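**Q** after the sequence you'll find the predicted model.
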Amino acid sequence: MSRRPPARRYGDNGGGGGIFTSSKSRSSYLHIGLVMLGGLMLIVYLYSGSGEFSGNKEVVSRVEGDFSCTVEVERAIPILKKAYGDSMLKVLHVGPDSCSVVSRLLKEEETEAWGVEPYDIEEADRNCKRLVRKGIVRVADVKFPLPYRPKSFSVVIASDALDYLSPRYLNKTLPDLARISADGVIIFTGFPGQRKAKVSEVSKFGRAAKLRSSTWWVRYFLQINLEENEAAVKKFEQASIKRSYRPNCQIFHLKSFH
Ligand SMILES: *[C@@H]1O[C@H](CO)[C@@H](O)[C@H](O)[C@H]1NC(C)=O
């Protein structure tokens, strides 16, 4: 309703065509109103739908949790150590739940680890708050250059962090990971169609994860001149076979910029 006055003003300015203009715009407001009502009903429907199935919610989220590539990083640590050797002694992890990955890495002998947590950590536990206070884990937006000097780490591991970035931001973030690492960047990312973003996840990240195919990623790496770390790929495969390790995520091994 508050939109009416401008419509009338257009009509006044238009002189003879005034009536036509204003009725036309009024009908387009009606149209917009109907679309909005439709959207509202859809939202109500979706919410009531999720309420209906709330009994299954726990099961669903547990299954989704299993497919979190951050969890996969922790599973893969023994394999990564075999593949990367001493390079796994100075690691930066980038991605959600970085505190848990960093804590896990710090349990390894002689290993130094840091983390970049891309999102708010209001609900962090005491251990995580301690890591943040000590500056071991930082909360930082991965869309922007990370506050580290070139080759600050031997390897950088990113999990579940890049799926939320469009190529415009990936174009900046990925080369930045190659810049701050000396011996490689390891990317853990979901398989397309593997999991759906939960409602809470969407609001946390601002957009739903876009899980891209391995073809997409390989083509993209070429486009931005990031090379595959063939030596690491080979060693990682060998170690995986030896330990019957089968990843639940796509894992890419890239060379750092030198
Ligand atoms: C990302 O970078 C590549 C290579 O420089 C370029 O071809 C492409 O257009 C860029 N994409 C976007 C969305 O900026």
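**A** In hand now; what should we look at?

**Q** residue ranges of the helices in the stretch 101-250 of the chain, please?
**A** Secondary structure of the stretch 101-250 of the chain (DSSP state H, counting those that start in this stretch): helices at 126-133, 167-180, 199-205, 214-223, 230-242.

**Q** output the first one as PDB, nothing but the C-alphas.
**A** If I follow you right, that is helix 126-133. Listed next in PDB are the C-alpha coordinates belonging to helix 126-133 (Å, rounded to 0.1, in the frame of the first residue of the first chain):
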ATOM      1  CA  ARG A 126      36.500 -24.500  26.600                       C
ATOM      2  CA  ASN A 127      39.400 -26.100  24.700                       C
ATOM      3  CA  CYS A 128      38.500 -24.200  21.500                       C
ATOM      4  CA  LYS A 129      38.300 -20.900  23.400                       C
ATOM      5  CA  ARG A 130      41.700 -21.600  24.800                       C
ATOM      6  CA  LEU A 131      43.100 -22.300  21.300                       C
ATOM      7  CA  VAL A 132      41.600 -19.000  20.100                       C
ATOM      8  CA  ARG A 133      42.900 -17.100  23.100                       C
END
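
**Q** pull the contacting residues for residue 146.
**A** 94, 116, 140, 176, 177, 180 (Cβ atoms under 8 Å, 6 or more residues apart in numbering). C-beta here means a position set from N, CA and C on the backbone, and glycine is covered the same way.

**Q** should've said residue 143
**A** 165, 169, 172, 173.

**Q** re earlier: filter the contacts of residue 146 down to the buried ones, PyMOL style.
**A** Buried residues within those, by 16 or more other Cβ atoms under 10 Å, are selected in PyMOL with:
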select buried, resi 94+116+140+176+177+180
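
**Q** phi, psi of residue 143?
**A** When read as degrees, to the nearest 10, the backbone of residue 143 gives phi -70, psi -20.

**Q** next one, pLDDT for it please.
**A** On pLDDT, residue 143 comes in at 92.

**Q** kindly report the same for the one 4 residues further on.
**A** Note for residue 147: predicted pLDDT of 91.

**Q** for the nearest residue to it once chain neighbours are set aside, what are its contacts?
**A** Of all residues not flanking residue 147 in the chain, residue 140 sits nearest, at 7.0 Å (Cβ to Cβ, 6 or more residues apart in numbering). By Cβ under 8 Å, 6+ apart, the residues touching residue 140 are 116, 117, 118, 146, 147.

**Q** which of those fall in strands?
**A** 116, 117 (DSSP state E).

**Q** can I get the contacts of residue 140 in a markdown table including distance to the ligand?
**A** Below are the contacts of residue 140 laid out as a markdown table (distance: Cβ to the nearest ligand atom, whole Å):
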| residue | distance to the ligand |
| --- | --- |
| 116 | 22 |
| 117 | 25 |
| 118 | 20 |
| 146 | 19 |
| 147 | 23 |
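
**Q** in a markdown table, list the contacts of residue 140 along with distance to residue 256.
**A** Converted to a markdown table, the contacts of residue 140 look like this (distance: Cβ to Cβ, whole Å):
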| residue | distance to residue 256 |
| --- | --- |
| 116 | 16 |
| 117 | 22 |
| 118 | 21 |
| 146 | 14 |
| 147 | 18 |
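
**Q** closest one of the contacts of residue 140 to residue 103?
**A** Using Cβ to Cβ, residue 117 is the member of the contacts of residue 140 that sits closest to residue 103, with 12.4 Å.

**Q** ok, the closest residue to the closest one other than its chain neighbours - contacts?
**A** In this structure, residue 117 finds its nearest non-sequential neighbour in residue 98, 4.3 Å apart by Cβ to Cβ, 6+ apart. Counting by Cβ under 8 Å, 6+ apart, residue 98 makes contact with 70, 115, 116, 117, 137.

**Q** could you check how far the residue nearest to the third one when sequence neighbours are not counted is from residue 244?
**A** Closest residue in space to residue 116, ignoring its immediate chain neighbours: residue 94 at 4.5 Å, by Cβ to Cβ, 6+ apart. From residue 94 over to residue 244 the distance is 28 Å, taken as Cβ to Cβ, to the nearest Å.

**Q** returning to that earlier point: from the contacts of residue 143, which two are the most distant?
**A** Spatial extent of the contacts of residue 143 (Cβ to Cβ) is set by the pair 165 and 172 at 8.9 Å.
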